[in-house]
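1. with the sequence up front, the predicted model follows.
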Amino acid sequence: MKRNVIKYVVFLVLILTILIIAKPNFSSAGKLKPPSETFNPGDWFLGSTPPNLDTNKPPIVFVQGKNGNSASWYGETEYHGVNDMYTKAYEAGYQTVFVQLYDSAGNGSVSQYANGRLLAQMLAEISNHFGGEKVNIIAHSKGGPDTQAALVHFGAHQYVGRVITLASPHHGSNLADLAYSWYAGWLGSLLGQKDEGTYSLQVGKMAEFRSVTDNHANSRKNMYFTVAGMNRGPVLSALSMGGQYLSSYGDNDGLVNVWSTKIPYASHLFTDPNYDHDNIRLGSAVFSRIEPYLRSTSIAGIPGLNLNNKENVEDDVITTALSQTVLGDVLQQNVWNEQSFHVNEAAPSDITIYTASNDVEVELISPSNKKYTPSLKVQSAKNQTSFFNGATIQTFNGNKLEIGDWRVRMKTKSPKDAFLFTAQFNEKNPITLSMAGKVKQKDAKFIIKNPMNDKKRPISTTFLVHLIDESGKEISEKSTIQEMDTENFSGSLPEVPKSGVYNVTIDVKEKSVNGTERTRTLIRSVYIEK
């Protein structure tokens, strides 16, 4: 009898142990976490096997964005609580897989080629783990270009069926252009913002990436689906301030413009006005809408996909209307550093000052000498939803600024500091810049249109063009700009020493008949091929 009781107790202990081991790991917020995590670049690990595992559904591999790691899919988001994407996939009966790219080390971001090579190695191992079965991928933000680099340029297309990208900058981000602009150099260097990942997201660099990727034989060997958002994030957050800058370039999610999220041969599933760059990766937000496309790895039979399309993807001219003044420089310690800008219309305006330290006093002085203090001061965190990571951001919001010459004054306590100033105006007649993303040297041209409409023609219009290379060095030879007619000017970029991405910052200066001067700043990157 005693022996039977002992056997019964041992049996109960064994059953309880099995149940404990098999029990999914939940975070304190009640969302699921993987049973084990490692955060070394090149590591990959499985999510828990769901009790309702559907073996007909392929495994899902999650690829996170710039500066992210696997916790992007089940940990805390920046603004929207714990991400339940992993939980939703688990509940739907999918085996899940998480990968760690180079960014997971916390030492900054790397290019899509570096992450793509690493991801390709992991995808081969993951497919082998599942007996050669293909997987599907859900990628957020820069995880989209990283994934395409792996599939197209490093041969991992054979291990993958379908790819869904959430708010991926397939054509780059104008925030990356801003980070490498003439005026942001000092600030970017102090913040350590100039890393490979940021550099690779410039519009010009991504135009070059699109050219070699979209025309590659491997580009149609997988099926791509894209998703975009149009919400700039919580009001007065660092994300919303990035979105405010990007608004000059079109609808955006706070970090990526909608036009940048699409691939010529992909199926665009939806653009949702409710999603910003942070919550577009939430399972509760998008999983039910993308899940029907994850049930198979087949690339046949989906409307809109033309596997026989072998047309070259041409470089398109990008035209942008801009009403902004951008300034930037070092800040001298314990003295007032002053800059001026002109307001010529009583229109809504947004003024933002980025600084490397948080010990900076800022004041805005109107033409009638009224002083204003910032309406908001926030810190930009080091995460997937911020540019100028670590910067202190101070903003002024005005419905209608007084017409005339304004001054902004800044005083820092830090011995090493720098600022970036952006003023955006809702003007009736913005200046437009038209320039391709990738050009041959002989075609390195641009068009600037300064519409007159009801404006009086200025006494003079002058242009100051800064063309800088990836190291921040300015090309010494000057650009040539010629007047085509009353409103249009054509320019040619100077000869560059080698093929690569070059940042173009153009100050358009107008002097009016009443003696006032207006400066508007145009910023773009371009890949120039020798």
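-> Looks like it arrived, so ask away.

2. right, and residue 127 touches residue 155 too?
-> No - with contact defined as C-beta atoms under 8 Å, residue 127 does not count as touching residue 155 (12.0 Å). Quick note: C-beta positions are derived from backbone N, CA and C, even for glycine.

3. neighbour-wise, which of these two wins?
-> A side-by-side neighbour count of residue 127 and residue 155, using other C-beta atoms under 10 Å, places residue 127 first with 19 against 14.

4. gap between the helix or strand that one falls within and the chain center?
-> Residue 127 belongs to helix 112-129 when assigned by DSSP states H and E. Distance, stretch centre to chain centre, for helix 112-129: 22 Å (C-alpha atoms, centre = their mean, to the nearest Å).

5. residues making contact with the following helix or strand past that helix?
-> Scanning forward in sequence from helix 112-129 by DSSP H and E, the next helix or strand is strand 135-140. Contacts with strand 135-140, where a contact means C-beta atoms under 8 Å, 6 or more residues apart in numbering, come from 58-65, 68, 72, 85, 97, 123, 126-127, 146-147, 159-168, 280-281, 290, 294, 297, 384.

6. pLDDT on strand 135-140, on average?
-> What strand 135-140 shows for mean pLDDT is 98.

7. also stretch 316-324?
-> Stretch 316-324 comes out at a mean pLDDT of 90.

8. then it to CSV, C-alphas only?
-> This file holds the C-alpha atoms of stretch 316-324, laid out as CSV (Å, rounded to 0.1, in the frame of the first residue of the first chain):
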residue,chain,number,x,y,z
ASP,A,316,11.8,58.6,-60.8
VAL,A,317,12.1,62.3,-60.2
ILE,A,318,10.9,63.2,-56.7
THR,A,319,9.1,66.5,-56.4
THR,A,320,8.5,68.0,-53.0
ALA,A,321,6.9,71.3,-51.9
LEU,A,322,8.7,72.8,-48.9
SER,A,323,8.1,75.8,-46.7
GLN,A,324,10.8,75.6,-44.1
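
9. quick check: residue 37 vs residue 108, distance?
-> 21 Å (C-beta to C-beta, to the nearest Å).

10. just the terminal-to-terminal distance for stretch 103-110.
-> 7 Å (C-alpha to C-alpha, to the nearest Å).

11. how far out from the middle of the chain is that stretch?
-> Mean-position distance between stretch 103-110 and its chain equals 15 Å (C-alpha atoms, centre = their mean).

12. what's the answer for stretch 342-356, then?
-> Stretch 342-356 sits 23 Å away from the centroid of its parent chain (C-alpha atoms, centre = their mean).

13. which SS state does the spatially closest residue to residue 175 that is not a sequence neighbour fall under?
-> Of all residues not flanking residue 175 in the chain, residue 387 sits nearest, at 4.4 Å (C-beta to C-beta, 6 or more residues apart in numbering). Secondary structure, DSSP: H, G, I helix; E, B strand; the rest coil: residue 387 is coil.

14. again with the one 3 residues further on
-> Secondary structure, three-state DSSP: residue 390 is coil.

15. so it touches residue 380, yeah?
-> Yes - using C-beta under 8 Å, residue 390 is in contact with residue 380, at 6.3 Å.

16. more neighbours, these two?
-> Shown here are residue 390 and residue 380; by other C-beta under 10 Å, residue 380 has more neighbours (22 against 16).

17. so that one touches residue 420, yeah?
-> No - contact criterion C-beta under 8 Å: residue 380 and residue 420 do not qualify, at 11.6 Å.

18. overlap in contacts of the two?
-> 354, 388, 391.

19. quick check, nearest of these to residue 251?
-> Closest approach between the shared contacts of residue 380 and residue 420 and residue 251, by C-beta to C-beta: residue 388, at 21.6 Å.

20. residues touching the closest one, list them.
-> Here residue 388 is in contact with 179, 184, 187, 188, 191, 193, 354, 380, 420 (C-beta under 8 Å, 6+ apart).

21. by pLDDT, give me the weakest of those residues.
-> Out of these, that is residue 193, at 67.

22. element containing residue 53, please.
-> For residue 53, there is no host helix or strand (DSSP H and E).

23. re the thing from before, tell me the one of the shared contacts of residue 380 and residue 420 nearest residue 497?
-> Among these, and counting by C-beta to C-beta, the member closest to residue 497 is residue 388, at 28.8 Å.

24. what's the separation between the closest one and residue 420?
-> For residue 388, the distance to residue 420 - C-beta to C-beta - is 7 Å.

25. cool, residue 151 as well?
-> Applying C-beta to C-beta to residue 151 and residue 420 gives a distance of 36 Å.

26. next: residue 239.
-> Distance check for residue 239 against residue 420: by C-beta to C-beta, it reads 17 Å.

27. ramachandran angles for residue 324?
-> Main-chain torsions, residue 324, degrees, to the nearest 10: phi -150, psi 150.

28. shouldn't it be in contact with residue 426?
-> No - if you go by C-beta under 8 Å, residue 324 and residue 426 don't touch, sitting 10.7 Å apart.

29. neighbour count for those two, which is higher?
-> Each of residue 324 and residue 426 has its neighbours counted (other C-beta under 10 Å); residue 324 has more, 21 against 15.

30. tell me, how many residues neighbour the spatially closest residue to the more buried one that is not a sequence neighbour?
-> Closest residue to residue 324 in three dimensions, ignoring its sequence neighbours and counting by C-beta to C-beta, 6+ apart: residue 424, at 4.7 Å. Residue 424 has 19 neighbouring residues, counting by other C-beta under 10 Å.
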